[in-house]
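In: everything below, folded, please.
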Amino acid sequence: MVSTSRRRRSAGPEHLTEPDVPVTEVRVALLTEGARASLRLRAHDVLALWSGAASGARVGRLCPRCGSAEHGRPVLPRGHASLSYAESYAGGAALVAWCATTPVGVDLASRTSGDAGALGPLEDWARTEALLKATGQGVASPGALDGPLPRLWSAALALPGTLVGHVALAVEPGACVTVVSTT
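Out: Down below sits the predicted model:
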């Protein structure tokens, strides 16, 4: 199970030990080979496994802008509201991320033969999408960058083939992040 724990960093004798540092863990999984509907069902089964929910947990949607349940950020089943879950689909694959303690965002993109030289911009786009999803806004929200933003952390993920992915978290200052990959 993903959790935030305290880890002491030791620099030698006890009187030189640094203060407790929060450690935030995020789980990430890449699912491949399947139609989008099949990938979505498998992604929700992974979520159920990670969160301890019943298998086949139904993940809803909620748009922060208009309140629609037809689109927007994934919403977890009752009893799991404190958990954060994100998913993204591209190139016949799904990328899912889950964190027990802080908002998470993830984005997946797929390079085509025509944009093989444009890896930098595609990496930048995936990172930006993941960061905005971690804020709870996403790129569709006008003014997504207005007002104070939480402190954000992101990392590129090593993915196979033409896939490009990033994971992002809203974290406390000084937090240490550990990515647990199940791919």
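In: what's the helix or strand for A97?
Out: strand 93-99 (DSSP states H and E).
In: partners of the helix or strand following that strand, with directions?
Out: Going down the chain from strand 93-99, the next helix or strand is strand 104-110, by DSSP H and E. The strands that strand 104-110 pairs with in its sheet are strand 163-170 (antiparallel) (by DSSP bridges).
In: the partner strand vs strand 93-99, what angle?
Out: Counting by axes from the mean of the first three to the mean of the last three CA atoms, to 10 degrees, strand 163-170 lies at 20 degrees to strand 93-99.
In: any idea which helix or strand comes after strand 163-170?
Out: Next along from strand 163-170, by DSSP H and E: strand 176-181.
In: remind me what that next one packs against, helices and strands.
Out: Packing partners of strand 176-181 (3 or more CB pairs under 8 Å, 6 or more residues apart in numbering; DSSP states H and E): strand 21-32, strand 152-157. The way it works is simple: take the backbone N, C-alpha and C, and place the C-beta from them, glycine included.
In: what strands flank the strand holding A97, and is each parallel or antiparallel?
Out: Assessed with DSSP bridges, strand 93-99 is paired to strand 21-32 (antiparallel), strand 84-90 (antiparallel).
In: and the nearest residue to P173 once chain neighbours are set aside, how far from R40?
Out: Using CB to CB, 6 or more residues apart in numbering and skipping residues adjacent in sequence, the residue nearest P173 is R151, 5.8 Å away. Distance of R151 to R40, given as CB to CB, to the nearest Å: 31 Å.
In: so between those two, which is more surrounded?
Out: R40 (17 against 11; other CB atoms under 10 Å).
In: give the contact list for that one.
Out: Shown in contact with R40 (CB atoms under 8 Å, 6 or more residues apart in numbering): 87, 89, 94.
In: check which helix or strand covers it.
Out: helix 36-51.
In: hang on, the earlier thing: now mean neighbour count too, for the helices and strands packed on strand 176-181, in JSON lines please.
Out: JSON lines is the format used below for the helices and strands packed on strand 176-181 (neighbours: other CB atoms under 10 Å):
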{"stretch": "strand 21-32", "mean neighbour count": "20"}
{"stretch": "strand 152-157", "mean neighbour count": "17"}
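In: those strands: lowest mean pLDDT?
Out: Lowest mean pLDDT of the helices and strands packed on strand 176-181: strand 21-32, a mean of 84.
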